[in-house]
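Undergrad: With the input below, show me the fold.
(2 chains)
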Amino acid sequence: MIEARGLEKRFGAHAALRGVDLRIAEGELFALIGPDGAGKTTFFRLVAGLLTPTAGTLRRAEGATFGLVPQRFSLYEDLTVDENLDLRARLYSVPSAEARARAAELLRRVGMAPFGARLAGALSGGMKQKLALVAALLTKPRLLLLDEPTTGVDPVSRREFWLVLNELHHEGLTIVVSTPYMDEAEYATRLGFLDEGKLLAVGTRDEVLAAFPRPILEVLSPDRNGVRRRLAGIDAVDDVSLFGTRLHLRGAAGTGTEILDSVRAGLTGLVPADGVRLVPPTLEDVFVLAGDEVET
Amino acid sequence: MNRLLALMRKEFLQLRRDTITLRMMVFIPVMQTFIFGYAINYDVKHLKTIVLDEDRSFDSRELVAKMAASQYFDVVGTVGSFEELRREMDEGRVSSALVIDRDYGESRRRGAPARALLIVNASDTTTSTQAMSIAAGISNQLSVQTLARRAGWKEAALPVDLRVRPWYNPDLRTATFIIPGLIAIILTFTLIPFTAIAIVRERERGTLEQLQVTPVTRLEIILGKLFPFILIGVFQLTLIIGLMVFLFRVPIAGSVVQLYVSGLVFMAAVLGLGMLVSTVARTQMQAMQLSFVFLLPFVFLSGYVFPIDGMPKVFQLITYVIPARYFIEVIRGIVLRGASLPELWKPMAWMTAYTVLIVGAAVLRFKKTND
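TA: Model (predicted):
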């Protein structure tokens, strides 16, 4: 559906995308993950034809109509829900009877049927995103592009939103969605890690996690600060984060067992040996490591 | 075509809800017409004047009476000393003071120069220039009388009689001069900022980009955006013409249709400038400020308030690139002199050329705003 080869986009001296190779097949639900400024929005804008590549190629499958849900709400806030959808339909020359029926069906599907006469600007953040989704789907696209559709949306609306995306995916729609939320990335059939304009990892969730190069350890201790102070002296650990009474450690290099031993040794007297164990990495670890590697 | 109609429909739906803008579109022209029509008056009459008459003769009283009869000077009092006079002037209570020499009457009878002094507050140059020319006229008149009497001249007519006949504005009303040009100024004041802001707002909110994803062409976007403003411009034009004819009693000597035709050309130029501003400005605030960059030259270098002939050469050259200059020339021609567009072909041609240039540049620049 989408094929990028050596895709580059520069804005003056700043390179937003630096050689991206990516194929997204028909029917995929592909998640693009990366921190702010990674180049996710630029990628969408290139796919939507709003920008032209500086170098490399980007191909959309022949006749692949697309709907775009941009990061910022981009419908008219001073028009009602119905007026916005009506305008969209007219701009795509969808016959009005058909457009009305389809808009009603889509609004019902996202639970917005009663809000047709409401001004778009008066909708909640979650509803605005649903409206943007409805507007994008109104013209029956084969490809749906969503740029951080759930950023800043409350968790309940986020789940509802993803339920709809999953339904659409099962109906055969190709979906490319970017998100900063790791939990959302888990819904995708494949995901790609974008950072500083480079695609660092692509694959299914399991493939990406299996390729993670560092061991991850977990320490259980009520004295988190004491553990942290001790860990500061251990070079083999290069990142510590806190989750309640657990500490999440990332090994700097070497195999998991080597680091396990050195951490256990470093924490003797404070944490019993069975309080330190190796755990599988999460997407969050992949994300954080990508960010750290760019900083150094 | 359907897409274009859909876009225009959208603009009107939005405009209908934007009641503040709607009211401004009526309020701004009406307010400006009233301010410019009533407040601006170059014809300064009734200057408050005090008299220091040291002569107190028949002749000195005759001079004071002549000054008062001109209607340009209102004698509001007399003072006894120069110090008193200076105080009145310094404190701004009067704008001019007439000082008549002690032997004014005596000198006139004797045939020696009779001396009087008119002091004017020249901080306002328009007022003082006018006062000076009126005073010179009175002085000449009295001199001629004296000379004629002395020479034994009996005939009623003067040897030289150069008269002025004010055509096209026989009553010499400032409003007649100001209001037709105001059409250009009001269209500039409203359409440049409104257009610029309307486009920048769409870009700021991301709705323009959303439009670019649809099958809509750039030309459709531009026309859809500009067409409602042309209607607004025509509405304002009608409003000002109405006020001009019925309230300020400035009749249109020429063709109303031709007035609208030239108005439409000028509107296109102004809308083009608004679009140009929108391609430079990033925020609505910047669009507003940038629009104002055009407003001052349009008011002051278009011949609207100050005659172009009176400007320094450099500024005269600048006026050639200000479309309002040509439009004002055309409107004054049609409204005041009853000229027709063929007679006004020169300014019309220039204005049209600039319009094509501006709109062309705006459309070209509008194209490359994404990358």
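Undergrad: Now residue 84. Its backbone dihedrals?
TA: You didn't pick a chain, so chain A it is. As for residue A:84, its main-chain torsions (degrees, to the nearest 10) stand at phi -60, psi -50.
Undergrad: burial of it, as a residue count?
TA: By other CB atoms under 10 Å in any protein chain shown, the residues close to residue A:84 number 25. Yep, even glycine has a C-beta here, placed from its N, CA and C like the rest.
Undergrad: So it sits against residue A:78, correct?
TA: No. At 9.9 Å, residue A:84 does not count as touching residue A:78 under the criterion of CB atoms under 8 Å.
Undergrad: what number of residues lie near the closest residue to residue B:355 other than its chain neighbours?
TA: Spatial nearest neighbour of residue B:355, chain neighbours left out: residue B:269 (4.0 Å); criterion: CB to CB, 6 or more residues apart in numbering or on different chains. Residue B:269 has 26 neighbours, counted by other CB under 10 Å.
Undergrad: Chain B - how does it break down into domains?
TA: Split into domains by automatic domain parsing, chain B comes to B:7-40+B:176-367, B:47-151.
Undergrad: Give the full set of residues in contact with the residue nearest to residue A:75 when sequence neighbours are not counted.
TA: Take residue A:75 and drop its neighbours on the chain: the residue closest to it by CB to CB, 6+ apart is residue A:84, 4.7 Å away. By CB atoms under 8 Å, 6 or more residues apart in numbering or on different chains, the contact set of residue A:84 is A:75, A:76, A:120, A:131, A:135.
Undergrad: Which of the domains of chain B has the highest mean neighbour count?
TA: domain B:7-40+B:176-367 (a mean of 18; mean count of other CB atoms under 10 Å in any protein chain shown).
Undergrad: Helices of the stretch 51-200 of chain A, start to end?
TA: Counting by DSSP state H, counting those that start in this stretch, the stretch 51-200 of chain A has helices at residues A:81-91, A:96-109, A:125-137, A:155-170, A:182-185.
Undergrad: Make a markdown table from those helices and add distance to residue B:89 to it.
TA: Formatted as a markdown table, the helices of the stretch 51-200 of chain A follow (distance: least, CB to CB, whole Å):
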| stretch | distance to residue B:89 |
| --- | --- |
| helix A:81-91 | 67 |
| helix A:96-109 | 77 |
| helix A:125-137 | 68 |
| helix A:155-170 | 76 |
| helix A:182-185 | 81 |
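Undergrad: now those in CSV, with mean pLDDT?
TA: Converted to CSV, the helices of the stretch 51-200 of chain A look like this (pLDDT from 0 to 100):
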stretch, mean pLDDT
helix A:81-91, 95
helix A:96-109, 94
helix A:125-137, 93
helix A:155-170, 90
helix A:182-185, 82
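Undergrad: Tell me which of those helices sits nearest to residue B:184.
TA: helix A:81-91 (34.8 Å; CB to CB).
Undergrad: how far is stretch B:153-164 from where the chain is centred?
TA: 37 Å (CA atoms, centre = their mean, to the nearest Å).
Undergrad: Return the residues of chain A in contact with chain B.
TA: A:11, A:48-52, A:68, A:70, A:72-79, A:83, A:87-88, A:90-93, A:119 (CB under 8 Å from any CB of the partner chain).
Undergrad: For the closest residue to residue B:226 other than its chain neighbours, give me its contacts.
TA: Spatial nearest neighbour of residue B:226, excluding adjacent residues (CB to CB, 6+ apart): residue B:271 at 5.1 Å. By CB under 8 Å, 6+ apart, the contact set of residue B:271 is B:191, B:195, B:226, B:229, B:230, B:233, B:359.
Undergrad: Name the SS class of residue B:271, please.
TA: Per DSSP: H, G, I helix; E, B strand; the rest coil, the local secondary structure of residue B:271 is helix.
Undergrad: And the pLDDT for it?
TA: Here the pLDDT value assigned to residue B:271 is 94.
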